[in-house]
Every structure is written in structure tokens, then in C-alpha cells.
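J.: predicted model follows, preceded by the sequence.
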Amino acid sequence: MVHSSSRDARKAKHINLTLTLSLHKSAARMRRTGCSGNQNPGVAGLFQKNEFGQYNGGAGAALWLSGAEERVATLPRPALQPAHDNWRRRVKYWAEDVNLVPDLGHDLFTVQWFRGLATCFALCFTAIKLTPDFHALPAPSGPVATAQTYEEIRSQMITPLALGADSGRHMAPTSAVTPLLSTPERPMITVNTAISESDSFARALSRAGVSGSDIDNVMRLAGSDVSAHSLTPGTRLNIVLGRRANPNMPRPLDALAFHARLDLSMEMSRVKGALSVQRIPVHVDSTPLRIRGVVSDSVYRAARAAGATPGTIQTYLRVLAQQVALNNIGPGDKFDIIVAHRRADTGDSEVGDLLYAGASLVSGRRIDMLKWTKGGQSQWFEASGVGEKHGGVGSPVAGHVTSGFGMRFHPILGYTRMHSGVDFGARYGSPIYAVTDGVVSYAGQHGGHGNFVKLQHSGGLGTGYAHMSRIAAYVGERVRRGQVIGYVGSSGLSTGPHLHYEVYRGGQTVNPMTVSFTQTAQLAGGELKAFRNRLTELKSLGTVATVTKAEPVEPAKSGKSVRRL
């Protein structure tokens, strides 16, 4: 029904336009034939208002057509209209009837849709063809500069020194002007440089322009105070290079000044053609540095805000983790750090190793850990004099067990006998480690054991390592837990590369899988008294840096640690 009504409306509109054009033509004929009058006012009203539609256009058209000939003579004469208005109106009516610009989103691929598409292409083509041209307008070119004109312009230029700076107006030479055979050089050059991370002292001097012979003289004069890589990165070098006799020769080293160590400065100068050195000692204060504060959100941030270096904090946390879980340290707990510190009169300072690690928890627990050397080995001890607990190495070699402890059939001897150790299968040349601290009591050939090493430990315990390809220890040597004492081989009565490992208690072999090595160092007597005196001395130090709230800090730079207190 909707489509039928739309078609009826379009037909009525077409009839309306057709009747209107016919009436205009009839009126024109009437004017040409001289017809006048107003016999039918109803027909004249039809020209005044166009109300043809779906329901009222057909009746009016039928009434008018039934007596068209009689009513023509009664049509009123309309006002005269110019000729150009008639064709515009005809074009307007034609365009409304044809609908050249329909909505391309509806009635796809119909005749009306293709008509609108053609209109779109025509408009685009017209717009493109009417696009203005942006080519440069023709104009006369400038005159070509002659050599005389170029020199006139050049005389007013300022050319760079790298190109000789030969611009400007030139004066004619006189008898006072003599040509130069070579460009004069500066009498001396001052160079301030620094040793980089992957640099050495000699390489830094060479990069600054010092000749190889002068570098050899500097290293000879410095002697044992300076080696190739003894100077820390960031060390400043103040260099003065003198005048050279020949442009093809390097400049001689006239002066050199640098800090060889925190407590020593060196100045070298050329006197009568030879370099001489002057060593200037610098006073250094070696008082340890104490840093204390209160934890806010984390121990690390609080210690960094107090001035501790990242390396010191990492060591402090590792020591503290031996006594308390780090996640149990929270806001309100207090930390106490003492480090070795050296401060020179020049203002430079160096932070050394951690000496004391302490903490005071809100729960009331107190932690005091002091670094102490016992038996040539440095370790951490509690305030009571009890040191760290060290467990043994889980396995003396990186391998798997191939034969256990007990009676077994010997593959070479051909009979059953006691296997007094444990065999570990491993690749040839794999390192063998000491399971715990001890002293080498035997190292060499030992019958069917081949290359054999025996270690003596505390508590009457001992360990043996057999069938080595090479021994890396000697008799009387004190070895530490995890130290390499030899390498896997197949010496002695062996069918292939492996390690035969034995454990002795009171001189008798026992099953190695049932023995665990745990060492706890403990101080006593005069050593314990000296330990407690050192602990009291360090804890009596005044606090140099404290913090009550952690603030954001910048990451520490590598090289010398120079602090401002």
C-alpha cells in the first residue's frame, strides 16, 4: 500500500506539471489571438494556487478538461513576463521532475540511482578540470655574477677559520710584509681529561696527545704508586703540552698533575728537557662512618636517603637476613650501619667495606653483627661471639651417583668386596670441590685410588677424593668450602671418568650420604674479649648521617664514591 500510494502521488504530480504547462500555453495563445474577459473566474483560480495532490488533483483536471474549449476564451490575461523567466521556469520544472541528485543511499542500482551517480561524476570532473594551476609564474632570471662581482661580494663576507678566513678587503703588500712558511702554533695546550670506565692510565694519556716516549717516562717516574689499571675511573688528569720543534713531531709533555691515591697526589714537570716528579702526601681521616635511621616504607629507601651506597645496603641486607626475615622489618624499626670510610683533606672520600650491621625492631629484638677475622678468614659474628653457620657442599662434583656405599662386585678385580665410598659419574675434567673447610693432609698417587686428595676437618672428620685427572691442592694447604682441589679423571683402578668420594670419622670410613657438614665459629678467651672491645668502640661512634623518613634518591654513580656530609 505504501509503494502504491507513492506511485499515485508521483503520477498526480506529473499530471499537475503537465496541466500547468498546458494552461500557460493556452493563455499565451489567448493573448496572441486577442481573447479577453473573465467568463470563468474558477479557471483563473486554478492558476493562482497549485494544490494538485493524491486526492484533489484528478477531479480539478477532469472538470477543466471537460470544457476546455469553452473556458479558453474566458481565461484572464496574466501579467506579461520576460522571455528569460519562462525558460528558467521550464528548466526548474524539468529538473524537479527528473531529480538529477537523488540520495545514493537508497534505491541502489536503479535508473534514478545511476542518473545521480552520473551527476556526481560530472560535478567531480568539472571541479578537477577547473582546478587552478600553481606553476611558477614566468619571470626574468637574475644576472650571472661575474668574477669581479663575486670578489666584491666576498670582500664583505666573514668566512670561518676552518676555511682560512680569507675574506675581507685585502691591502697591497709593502716592504714590511713577509710571507709565512707555515702557520704559527700555540706555545702550549692545556688538556683536562679523566679516566673512563674501560680505560687505563696510559691510554688516557695517549688519547690526550701525549707521545709514547713521554708515557713511558711517566710510568717509570710513577713507579709502584701507579700501575696500568690502578687509577680508579673518574680520576682527573691535568695535562700541559708544550711547543714542538717540528710540525711532524708530537708535542712534548710539560706538566702533569693527578691523584694517584686518596692519600697521594703527584705532579710532574719538565725541567731542562727532562721530566721530574714530586709526590705530595694528603692527610686522610680513616674514622668509620656510622649511618642510622628509622624505616618508613622499606629499609633500602631509608638507608639510601641517609646516604648509604647501594653496595653497602646490599651487604647489610644479606647480613641481616641471617638473623631475621627481611619481610618482618617494617615501619618504625631502626637500622644501624657502620662502614669503613676514608676522607682526604682535598674533600674526596672513599667508602669501604661494611663493618657493623645492627637493627632495633619494634618488637624489642636487638641485632648486633660485627665482621671479625678468625683463622685468616673474615666472617660475621653476633655480639655474643657466635659466628655464622656453614653447611657443607651438597655434592663434591656436578654429577650423579653411580655406585653407593657397601659390599659390591668390583668390575676390575672380579670379586665382591667393600666399597668404602660413593661414586659420582661426571664428565672428564669437571672440577672437584671441597665439601667443607679443612687442611690438605695428602695429595698424590695412592694405589688403586690413583690421584688422591685427603682433607682433614674439625671434629675428627675427613674426606677423600680419588681417580683425579689432575690435583689442584698441595699438602698443608688450608682450603675453604667450595674451593677446587682437583679435576675428574680415570686414574688408578677405574673403568671410566668418575669421582670416588670417601668420608672418615675417627679414621674409619662411613657412608658419605649419612654425614652432613655444619660449621659454627665461636670466639672464646682473649679473642672474644678483643671482639667485644671492637664492638663497643664502633657503637660509641657518633652518628654522621641520620634519617627519619625515606626520600627519593638518585642512583649511585660508578667510580669513586664522593659524599657530601
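T.: Noted; the coordinates are in hand. Numbering: from 1, shown residues only.

J.: C-alpha only now, for contacts and for neighbours.
T.: OK.

J.: low-confidence stretches in the stretch 351-500 of the chain?
T.: 375, 384-394 (pLDDT under 70).

J.: mind doing that once more with 90?
T.: Counting by pLDDT under 90, the stretch 351-500 of the chain has low-confidence residues at 351-353, 357-358, 360, 362-421, 425-426, 435-438, 445-449, 457-461, 478-483, 490-496.

J.: in three-state terms, label Met266 for me.
T.: strand (DSSP: H, G, I helix; E, B strand; the rest coil).

J.: and the strands in the stretch 451-565 of the chain?
T.: Using DSSP state E, counting those that start in this stretch, the strands of the stretch 451-565 of the chain run over residues 451-456, 461-471, 478-479, 484-488, 498-505, 508-510, 518-522, 545-547.

J.: mind giving me a markdown table with the ones you listed and columns for distance to Val101 and mean neighbour count?
T.: Formatted as a markdown table, the strands of the stretch 451-565 of the chain follow (distance: least, Cα to Cα, whole Å; neighbours: other Cα atoms under 10 Å):
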| stretch | distance to Val101 | mean neighbour count |
| --- | --- | --- |
| strand 451-456 | 105 | 24 |
| strand 461-471 | 99 | 24 |
| strand 478-479 | 100 | 18 |
| strand 484-488 | 94 | 24 |
| strand 498-505 | 96 | 24 |
| strand 508-510 | 106 | 15 |
| strand 518-522 | 98 | 14 |
| strand 545-547 | 81 | 18 |
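
J.: so which of the ones you listed is nearest Val362?
T.: strand 545-547 (17.0 Å; Cα to Cα).

J.: follow-up on the earlier one: closest one to Ala245 among the strands of the stretch 451-565 of the chain?
T.: Per Cα to Cα, nearest to Ala245 of these: strand 545-547, 56.2 Å.

J.: wait, which of the strands of the stretch 451-565 of the chain is closest to Gly164?
T.: Across the strands of the stretch 451-565 of the chain, closest to Gly164 is strand 545-547 (Cα to Cα), at 58.7 Å.

J.: can you measure across stretch 331-349, start residue to end residue?
T.: 31 Å (Cα to Cα, to the nearest Å).

J.: centre of the chain versus it, how much separation?
T.: Per Cα atoms, centre = their mean, to the nearest Å, the displacement of stretch 331-349 from the mean C-alpha position of its chain is 30 Å.

J.: swap in stretch 346-359?
T.: Worked out by Cα atoms, centre = their mean, stretch 346-359 lies 30 Å from the chain centre.

J.: can we start the residue count at 36 from this point?
T.: Right, with 36 as the first residue, what we last looked at is stretch 381-394.

J.: how about that stretch: buried residues?
T.: Asp383, Ser384, Glu385, Val386, Gly387, Leu389, Leu390, Tyr391, Ala392, Gly393, Ala394 (16 or more other Cα atoms under 10 Å).

J.: inside strands: which ones of these?
T.: Ser384, Glu385, Val386, Gly387, Leu389, Leu390, Tyr391, Ala392, Gly393, Ala394 (DSSP state E).

J.: any idea how far Arg452 lies from Gly460?
T.: Here Arg452 is placed at a distance of 20 Å from Gly460 (Cα to Cα).

J.: and Gly346, by the same measure?
T.: Distance from Gly346 to Gly460, by Cα to Cα: 40 Å.

J.: more crowded one of those two?
T.: Gly460 (19 against 13; other Cα atoms under 10 Å).

J.: related to what we said a few turns ago, turn the buried residues of stretch 381-394 into a markdown table, columns for distance to Val212.
T.: As requested, those are arranged in a markdown table below (distance: Cα to Cα, whole Å):
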| residue | distance to Val212 |
| --- | --- |
| Asp383 | 55 |
| Ser384 | 59 |
| Glu385 | 60 |
| Val386 | 64 |
| Gly387 | 66 |
| Leu389 | 72 |
| Leu390 | 75 |
| Tyr391 | 77 |
| Ala392 | 79 |
| Gly393 | 81 |
| Ala394 | 83 |
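
J.: which among those residues gets closest to His492?
T.: Looking across those and measuring by Cα to Cα, the closest to His492 is Leu390, at 28.7 Å.

J.: which residues does that closest one contact?
T.: Ile372, Ile373, Val374, Ala375, Leu405, Lys406 (Cα atoms under 8 Å, 6 or more residues apart in numbering).

J.: now render those residues as JSON lines, adding distance to Leu496 and neighbour count.
T.: Below are the contacts of Leu390 laid out as JSON lines (distance: Cα to Cα, whole Å; neighbours: other Cα atoms under 10 Å):
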{"residue": "Ile372", "distance to Leu496": "38", "neighbour count": "22"}
{"residue": "Ile373", "distance to Leu496": "38", "neighbour count": "25"}
{"residue": "Val374", "distance to Leu496": "38", "neighbour count": "21"}
{"residue": "Ala375", "distance to Leu496": "38", "neighbour count": "16"}
{"residue": "Leu405", "distance to Leu496": "29", "neighbour count": "24"}
{"residue": "Lys406", "distance to Leu496": "28", "neighbour count": "20"}
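
J.: tell me if I'm right that Ala392 and Lys369 touch.
T.: No: between Ala392 and Lys369 there is no contact under Cα atoms under 8 Å: 11.3 Å.

J.: run through the strands of the stretch 336-485 of the chain in chain order.
T.: 369-379, 384-395, 401-409, 412-417, 421-426, 435-438, 441-444, 451-454, 457-460, 466-468, 473-480.

J.: now swap in the stretch 86-235 of the chain and tell me
T.: Using DSSP E, counting those that start in this stretch, strands in the stretch 86-235 of the chain cover 224-229.

J.: hang on, the earlier thing: minimum distance to Arg221: which of the strands of the stretch 486-600 of the chain has it?
T.: That would be, of those and by Cα to Cα, strand 580-582, which comes in at 49.8 Å.
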